[in-house]
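**Student:** need a 3D model of the sequence below.
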Amino acid sequence: MSQHLVVVGGGMVAQRLVEALRDRDRAGAWRVTVLAEEPRRPYDRVALTSYFSGRDADDLALGDADLWHDPLVTLARDERVVAVDREARTVTTARGRVEHYDHLVLATGSSAWVPPIEGADLPGVFVYRTIDDVAALRGYVEAMGEGRTVRGAVLGGGLLGLEAAGALQALGAQTTVLQVGTHLMSAQVDLGGGEALRRLINALGVGVRLNAATTRIRPHRRGGVGRLDLADGGRVDADVVVIAAGVRPRDELARDAGLEIGARGGVVVDDTCLTSDPHISGVGEVACIQGACIGLVAPGYAMAEVAVDRLLGGHASFPGADTATKLKLSGVDVASFGDAFGQTPGALEIVWADPVAGVYKKLVMSDDARTLLGGVLVGDASAYASLRPMLGRELPGDPAAYLLPEGTGGAPDLELPDDAAVCSCNNVSAGAVRGAVTEHGCTDLPAVKACTKAGTSCGSCLPLVKKLVTTELTKQGIAVSTALCEHFALSRAGLYDAIRVAGVRSFTEVVARFGTRPDARGCDICKPAVASILATTAPAHVLDGERAALQDTNDHVMANLQKDGSYSVVPRIAGGEVTPEGLIAIGAVAKDFGLYTKITGGQRIDMFGARIDQLPLIWQRLVDAGFESGHAYGKSLRTVKSCVGSTWCRFGVQDSVALAVLLELRYRGLRSPHKIKLGVSGCARECAEARGKDVGVIATDKGWNVYVGGNGGFTPRHAQLLAEDLDTETLIRTIDRFLLYYVRTADRLQRTAPWIEDVEGGLDGVRAVVLEDSLGIAADLDRQMLEHVADYEDEWKATLDDPEKLKRFASFVNAPDVADPSLAYVPERGQARPATADERDAALRGEPVLVAGTTLEVRS
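**Tutor:** Numbering: from 1, shown residues only. Below you'll find the model as predicted:
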């Protein structure tokens, strides 16, 4: 019979342990019970901040959900273990559940440490550790922020504190970070790196106060938080406080069970992860291994692998902690690895700093300047993925060359040894990645990820993994496929050129001329891609003929599908400029149709909750009021964000609004490989955040500077300077060419930032094409943009004018006059939100449902 393994804790390390055990225990020697305190399956704490950018708890779930359906695995949620009986080998939960174990693994992790500060228990004071923590924080800030700016303070300027500050800022809070020490991220970066980091954080609009110890959190007269008193006599006004002052191992079970505890906490384990009881192991942040508790996921994963190996009769031991860290905060690039502080005897430090660009880089080398011992990268951590695996190895060439900006040359390509660790989260070596290609037949990045698990956790190693895969495929004589999909051997760029030159105008013609099979019907990859290409080479309405069948879900109805099956509608508000009459018209539409309204980050108004049959009625009202489609649903130009510029602002040097309106009306409807966003700032104060856009324009006394390749989202990028001091005519011509060169040559779903990196010569290569006409296509690009401007039509109005197209907009094909009865809404903060499944089902049964004392509304 199988032995019983009980795992206490349901975090990332527990998930890895169970996953590794089921992968390796082919004979089924162990059955596993995981007792998790939280009410959900293990999730990615490393990506917790992404919860504020629209992801929900399910998006953060780790691994394959099928793991928890394995007959040898039981996941018990909401089961907090309160006692361990070592003699009886049982654990007991708060609910009274008792589990007998043959072996016990403590994976209880750590908890947020709250310093003994008066007022730390006030409403509005939060920690930043679990999904429940961040959900409560978000709800509090959103509720408090109605009609005013929320002031936030973060106690702690470490890795977690800065991520918490980024989260508060994303919620619209005016945020200040209070750091007790001399510089930010003092556990990972040195003083020079900390100062560079402070400037980057300040540039995001987040305040930083150093040497700032909080002595008291004072309440506000209305309740909640009011202000913070500092040890130096200063004060910080705040409405919400996040404490990110560190963590403490959750070792209370181990203490109560009489296990050996480390001097600074944590259950003591040896290099095999065994505690002082041979039937109990400890892994992750609760384990005091080699004299310390380690609050990073990669060492925890390594412990999980060691524990599994030992359970199955192996001889693995803990290899030592990989303490490399990388900050995941929009607009800030920071990495630290190895001996970052140069504490190795005889160590040499090589530093390159550019305060203007906000860049600080340091490599720590052995006394002969040959072996890499560690490093700090602030402002530009692009070399992190390549350098970290070289720890303890000789760097070829001059070490200083690895610190110079990209494109300056000098640094040789690093040929990683097979035993070099590429993915520390999953303990994957360069040899394993190469073996996936040579031994397991993997021919692309997704296949290598599935085979090795490299890049499936934090993802910071993916650029290096992709490079290794491409290099190995080339060595093997295997062509690195750039095929769009199984139906087209050409890349998107190749297919674009083929369609443009051949002059074909339909998907059927494209497949017949360029497809792998002339009878192919296409797939979800190639159909939208071909539709996007045809939109610029042979413009037509998205619902004309067979093009209607090519569109993604959102393009198909010219609105954005929401989670409850309703749609959102976004009219264009060019440059963010709108008249009072326009605002009243939008408000009237939202009120009459019962739509939830929200201001978007692109300076326009989104209306949620429209049924599909209501879309034409809403469009007609908006079109009659002078609005048109905002293309929020398409891979196309979204918005051109602007500040008020010289028209109103005393700092403005150019009319940014007028330029933004001109650009948005020029590029509206331009279909592209991915969405495009522009920004125009009227002065160097950069209120429109133009450098976070695909194309950013910033006014100067002499004209306009244009930046390209910026974006927010999951992998944020700062735009790079393309040209300076352009007059308006030259600026527009430059943007015309840049956008169409991107539309023609980028891969499917590729943003402008990675596209620029892929262009031969990078930004310099793009500059040569756009400004110097190095490919001789400038006149063609200019002509194509003029044709786009001339051919533009509003998709909403064109649909309203065509009775055949209007037939598509009905909830039920066989009953076009019947509305969808499944859409149900609950009043909340003066607007309607989608009802939960339980609320909706009860309402459909005719039962009264009360939410916050209000009866549920069901739309008919």
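
**Student:** and the longest helix anywhere in the chain, what does it pack against?
**Tutor:** Criterion DSSP state H: the longest helix present in the chain is helix 728-745. Under the contact criterion of 3 or more C-beta pairs under 8 Å, 6 or more residues apart in numbering; DSSP states H and E, helix 728-745 touches helix 492-502, helix 656-667, strand 695-700, strand 703-708, strand 720-726, helix 752-758, helix 762-772, helix 778-791. The C-beta positions use only the backbone N, C-alpha and C, and glycine is treated the same way.

**Student:** contact partners of the third one?
**Tutor:** I take that to be strand 695-700. Residues outside strand 695-700 that contact it (C-beta atoms under 8 Å, 6 or more residues apart in numbering) are 645-646, 652-654, 656, 659, 663, 676, 678-684, 686, 688, 690-691, 704-708, 710, 719, 724-725, 731, 735, 738-739, 752.

**Student:** what's the closest non-adjacent residue to Arg604?
**Tutor:** The shortest distance from Arg604 to any non-neighbouring residue, by C-beta to C-beta, 6 or more residues apart in numbering, is to Ile573 (4.1 Å).

**Student:** ok, for Gln3, nearest residue in space, not its chain neighbours?
**Tutor:** For Gln3, ignoring the flanking residues on the chain, the nearest one in space by C-beta to C-beta, 6+ apart is Asp102 at 4.0 Å.

**Student:** wait, doesn't that neighbour sit right on Leu311?
**Tutor:** No: in this structure Asp102 lies outside contact range of Leu311 using C-beta atoms under 8 Å: 9.6 Å.

**Student:** more neighbours: the two, which one.
**Tutor:** The neighbour count for Asp102 versus Leu311, taken as other C-beta atoms under 10 Å, is higher for Leu311 (22 against 14).

**Student:** quick check: that one touching Val32?
**Tutor:** No: counting by C-beta under 8 Å, Leu311 stays clear of Val32, with 10.1 Å between them.

**Student:** quick revisit: quick check: pLDDT value at the residue nearest to Arg604.
**Tutor:** pLDDT, Ile573: 95.

**Student:** that one: neighbour count?
**Tutor:** Residues near Ile573, counting by other C-beta under 10 Å: 21.

**Student:** which residues touch it?
**Tutor:** Gly582, Gln603, Arg604, Ile605, Phe627, Gly630.

**Student:** make JSON lines from those residues and add pLDDT to it.
**Tutor:** JSON lines is the format used below for the contacts of Ile573 (pLDDT from 0 to 100):
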{"residue": "Gly582", "pLDDT": "95"}
{"residue": "Gln603", "pLDDT": "89"}
{"residue": "Arg604", "pLDDT": "92"}
{"residue": "Ile605", "pLDDT": "95"}
{"residue": "Phe627", "pLDDT": "96"}
{"residue": "Gly630", "pLDDT": "93"}
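
**Student:** now do the phi/psi pair for the closest residue to Gly692 other than its chain neighbours.
**Tutor:** Distances taken as C-beta to C-beta, 6+ apart place Gly710 nearest to Gly692, at 4.9 Å, with adjacent residues excluded. Main-chain dihedrals, Gly710, degrees, to the nearest 10: phi -100, psi 160.

**Student:** who are the contact partners of Gly710?
**Tutor:** Neighbouring residues of Gly710 by C-beta under 8 Å, 6+ apart: Ala690, Arg691, Gly692, Lys693, Asp694, Gly696, Arg717, His718, Ala719, Gln720, Thr752, Ala753.
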